[in-house]
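1. sequence and predicted structure, then a few things I'm wondering about:
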Amino acid sequence: MCGICGFFGKTENNKEILKKMMDKIAHRGPDDEGMYVDAQAAIGHRRLSIIDLDHGAQPMYNETGDIAIVFNGEIYNHLEIRKDLIGKGHQFANDSDTECLIHGYEEYGVDLLSKLRGMFAFVIWDSKNQTAFGARDHFGIKPFYYAKDEKHLIFASETKAILEFPEFRKELNEAALEQYLSFQYSVLPETFFKGIYRLPAGHYMIYKDGHLTIDRYFDPMMEPKSDGNLSETVSEIEAVVHDTVDAHMIADVEVGSLLSSGVDSSYVVSEFPGEKTFTVGFLDKQSRYNEIRYAEDLVGELGKKNFSKNIDSDEYFDSIETVMYYMDEPLADPSCIALYFVDQLAAEQIKVVLSGEGADEFFGGYNIYHEPLSLKNYQKIPKFIRKGLASIAKKMPDIKGRDFIIRGSKSVEERFIGNANMFSVEDREKLLKTNLTHITPQEIVSTTYDKVSHLNDIAKMQYIDTNFWLQGDILLKADKMSMAHCLESRVPFLDVKVFEYAKKLPIDFRCNKEATKRAFRIAAKRHIPEATANKKKLGFPVPIRVWLKEERYYNRVLSTLTSDTAKQFFHTEQLVQLMEEHKAGKADHSRRIWTVYVFLVWYRVYFEEEAFCPKNHDWIQQRIRTA
């Protein structure tokens, strides 16, 4: 796991510029650094040594030295690819997975991408042909950002490195804020920084003669079968999970695992051969916000070790600026801060952790996937009647059944934009002072829905989550929070072999009236306690709604929501109303309040503080000095 950055196009002082970019992402790779510079290219690498510790330095080159690569990630099937390439006459100088990408590019070109099993973001500079080739893995596990002007293409693992390029002018993208208020994450191709874009998952780019082309090489399309044998399916899932966890253990350093109280991470822990697990919690051990007791019970049964930390409210709030610094863009998912602390805990002992992300998207695990089933009978009522009932319900107080009537009047394409839906279009347009595009969340996801019009509603929802929520929230925080602590996070369920199997599961084996992840949970029961396998989806629960009612945090957040900065973007009297109603217990506005608050904290870090220093800066520098 590493950090990459660089630029193409003739530039003065290119070594000095590249060094500044690399220094900004030193936390991604404290063990080593390297750069390649010529008249048209400057590419840099920060290394976290995981595989072939002695010979994996980058940039890495082919035998003739005219092809160089910087690579972030792991290729789990690199030995198979290596064997094939050796058979075709390629000579390898070391045992790293990086070198197979160089020779694979020489042999297969773009077709190399269809052969890879792993997580990756890499850039290859072909100096002979004056061509840059970059790619991002199938599901977006590793980040890849880029910016382009008339003279240059700039790229990096994190936007903060691109901001160091002297000809790039930092400017807020207000269109990103508009959509963020609905999605809770940055959803547009262009980031919160005008001119910086993210390369989407499953895409590659080619830059030559000043021209940039981007194409898709992988589409996570669901292909559910009409039926199947449940018992056989469960056994097949067992084999698939065992295989992917085993593949993700490849490393020359110790591997641990994150552990919540849920089925996904618990199943991973039951399969992985390591012994160290890591968990965080809030409030006391009996609280619904504390998963430590569940983790301790599980490792007791499995004969493993659990290291835990109870996060108090002060350190949680005091860490928000640091978390937003590492996130690059605002993310209003409170669990990303919990993830920051659990990764910090793990990094004190190991370099690599496994985690359970991806099982929900692939196997049908989110609670919202029940909705098409619960609405099925209601939606047999003619749509014009349901629309009429919804218009009446919207004028009623927020009583039980109101939301059911409103959502039941809509198709899945109208009501589902992913796992989070913070502010409605009407509410965000009343709240914002910025120039509005008036583009609705439904318009953002519509072209993706167009591709799956033939699928069942549950499969449609999975496809939307895989293309939006998974990339924009789940995987972004997994990468950024682990890398903030020089830690590699691996996600065994987000594997091409797992997907190729899971995409064909019958809908009834994914989600039915009784259970989400139905077949997956049955498979897990063979390895972990039934209560854990059946536990309702929680994630890392955080008591934001509780804290925002406490005087000190209420005042702390309110001062930010009524600040001069807030008044630039928002009609702050509406934010005050949300705060007052929440504190009085009239409504739970905690997530919407948090969405705005986190943006303002992020804005302060990137636009108002001259040289923000993250709280773990000294620890990172010590890691670099001792490498």
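-> Noted; the coordinates are in hand.
2. all contacts plus neighbour counts: C-alpha atoms, from now on.
-> Noted.
3. in the helix ranked longest in the chain, what counts as buried?
-> Criterion DSSP state H: the longest helix present in the chain is helix 230-247. Residues Leu230, Thr233, Val234, Glu236, Ile237, Glu238, Val240, Val241, His242, Thr244, Val245, Ala247 are the ones in helix 230-247 that count as buried (16 or more other CA atoms under 10 Å).
4. packing partners of it?
-> Helix 230-247 sits against helix 263-271, helix 496-502, helix 518-525, with contacts defined as 3 or more CA pairs under 8 Å, 6 or more residues apart in numbering; DSSP states H and E.
5. now the shortest one: buried residues?
-> Applying a neighbour-count criterion of 16+ other CA under 10 Å, one finds Val496, Val498, Phe499, Tyr501, Ala502 buried in helix 496-502.
6. run through who's touching the helix or strand following that helix.
-> Per DSSP states H and E, the first helix or strand lying C-terminal to helix 496-502 is helix 507-510. Under the criterion CA atoms under 8 Å, 6 or more residues apart in numbering, residues 224-226, 230, 363-365, 456, 458-459, 516-520 lie in contact with helix 507-510.
7. buried subset of these?
-> The buried subset of these (16+ other CA under 10 Å) comprises Pro224, Leu230, Phe363, Gly364, Gly365, Ile458, Ala459, Thr516, Lys517, Arg518, Ala519, Phe520.
8. picking up where we left off before, out of the contacts of helix 507-510, the closest to Asp427 would be?
-> Lowest distance from Asp427 to the contacts of helix 507-510 (CA to CA) belongs to Ile458, with 27.7 Å.
9. list the contacts of the closest one.
-> Ile458 neighbours (CA under 8 Å, 6+ apart): Gly364, Tyr369, Pro372, Ile507, Cys511.
10. if I look at the second one, how far off is Asp264?
-> The reference is to Tyr369. Distance of Tyr369 to Asp264, given as CA to CA, to the nearest Å: 17 Å.
11. swap in the first one?
-> Distance of Gly364 to Asp264, given as CA to CA: 12 Å.
12. Pro614 too?
-> 31 Å.
13. with Glu12 instead?
-> Applying CA to CA, the value for Glu12 to Asp264 is 50 Å.
14. what kind of secondary structure is the residue in the chain sticking out farthest from the centre in?
-> Distance from the centre of the chain peaks at Ile385, with 40.1 Å (CA atoms, centre = their mean). Secondary structure, DSSP: H, G, I helix; E, B strand; the rest coil: Ile385 is helix.
15. again, but for Met221
-> Three-state call for Met221 (three-state DSSP): coil.
16. now do the contacts for it.
-> Met221 sits next to Val452, Tyr463, Lys503 when contact means CA under 8 Å, 6+ apart.
17. number of nearby residues for the residue lying closest to Asp473 once chain neighbours are set aside?
-> Among residues not flanking Asp473 along the chain, Tyr185 sits closest, at 6.2 Å (CA to CA, 6 or more residues apart in numbering). Neighbour count for Tyr185, taken as other CA atoms under 10 Å: 26.
18. how much space separates Tyr185 from Thr448?
-> If you go by CA to CA, the gap between Tyr185 and Thr448 works out to 18 Å.
19. again, but for Tyr197
-> Applying CA to CA, the value for Tyr197 to Thr448 is 19 Å.
20. okay, those two: which has more neighbours?
-> Tyr197 (19 against 16).
21. can you pull the phi and psi angles for that one?
-> Here the main-chain torsion angles of Tyr197 (degrees, to the nearest 10) amount to phi -120, psi 160.
22. for Pro200, same thing?
-> Dihedral pair for Pro200: phi -70, psi 160, per degrees, to the nearest 10.
23. now the strands for the stretch 51-200 of the chain?
-> Assigned by DSSP state E, counting those that start in this stretch, the stretch 51-200 of the chain shows strands spanning 60-61, 67-75, 118-126, 131-136, 145-148, 153-156, 196-198.
24. which stretch in those has the least confidence?
-> Note on these: strand 60-61 shows the lowest mean pLDDT, a mean of 92.
25. given it, what are its sheet partners and their directions?
-> Paired strands of strand 60-61, with direction, are strand 67-75 (antiparallel) (DSSP bridges).
26. hmm, who's touching the strand it pairs with?
-> 1-4, 36, 43-45, 58-62, 97-98, 102, 116-128, 142.
27. chain center to it: distance?
-> Here strand 67-75 is found 20 Å from its chain centre; the criterion is CA atoms, centre = their mean, to the nearest Å.
28. what's the answer for stretch 453-471, then?
-> For stretch 453-471, the distance to the chain centre is 16 Å (CA atoms, centre = their mean).
29. farthest pair in the buried residues of helix 496-502?
-> Spanning the widest gap among the buried residues of helix 496-502 are Val496 and Ala502, at 9.7 Å by CA to CA.
30. what count of nearby residues applies to Ala587?
-> Ala587 sits with 13 neighbouring residues when counted by other CA under 10 Å.
31. can you check Glu514 too?
-> 7.
32. three-state assignment of it?
-> Per three-state DSSP, Glu514 ends up coil.
33. cool, Ile206 as well?
-> What three-state DSSP gives for Ile206 is strand.
34. tell me what the residue lying closest to it once chain neighbours are set aside is bridged to.
-> Distances taken as CA to CA, 6+ apart place Phe133 nearest to Ile206, at 4.7 Å, with adjacent residues excluded. Taking DSSP bridges as the rule, Phe133 bridges to Ile124, Ile206.
35. any idea how far Ala247 is from Phe133?
-> 27 Å.
36. repeat for Ile620
-> With CA to CA as the criterion, Ile620 and Ala247 are 29 Å apart.
37. and for Asp328?
-> Taking CA to CA, one finds Asp328 at 30 Å from Ala247.
38. related to what we said a few turns ago, among the contacts of Met221, who's most crowded?
-> Neighbour count (other CA under 10 Å) singles out Tyr463 as the most crowded of the contacts of Met221, with 26 neighbours.
39. next one: Lys142 from Leu475, what distance?
-> 8 Å.
40. quick one: which of these two has more around it?
-> The residue with more neighbours, out of Lys142 and Leu475, is Lys142; 27 against 22, by other CA under 10 Å.
41. so that one touches Gly118, yeah?
-> No. Counting by CA atoms under 8 Å, Lys142 does not reach Gly118; the two are 10.0 Å apart.
42. got the phi and psi for Phe570?
-> phi -130, psi 150.
43. tell me the contacts of the residue lying closest to Val245 once chain neighbours are set aside?
-> Distances taken as CA to CA, 6+ apart place Pro492 nearest to Val245, at 5.5 Å, with adjacent residues excluded. Contacts for Pro492 were tallied using CA under 8 Å, 6+ apart; they are Val241, Thr244, Val245, His248, Leu354, Ser355, Gly356, Glu357.
44. got it, and Gly118?
-> Going by CA under 8 Å, 6+ apart, the list of residues near Gly118 reads Gly73, Glu74, Ile75, Tyr76, Asn77, Asp137, Asp495, Val496.
45. near the closest residue to it other than its chain neighbours, how many other residues are there?
-> Nearest residue to Gly118 in three dimensions, chain neighbours excluded: Ile75, at 4.4 Å (CA to CA, 6+ apart). By other CA under 10 Å, 21 other residues sit near Ile75.
46. and for the one 3 residues further on?
-> The burial metric for His78, expressed as a neighbour count using other CA under 10 Å, is 22.
47. per-residue pLDDT, it?
-> We have a pLDDT of 94 for His78.
48. separation between it and Lys517?
-> Remark: distance between His78 and Lys517 (CA to CA) = 31 Å.
49. let's have the contacts of Met221 in JSON lines, adding pLDDT and distance to Ala347.
-> Below are the contacts of Met221 laid out as JSON lines (pLDDT from 0 to 100; distance: CA to CA, whole Å):
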{"residue": "Val452", "pLDDT": "97", "distance to Ala347": "41"}
{"residue": "Tyr463", "pLDDT": "98", "distance to Ala347": "33"}
{"residue": "Lys503", "pLDDT": "98", "distance to Ala347": "34"}
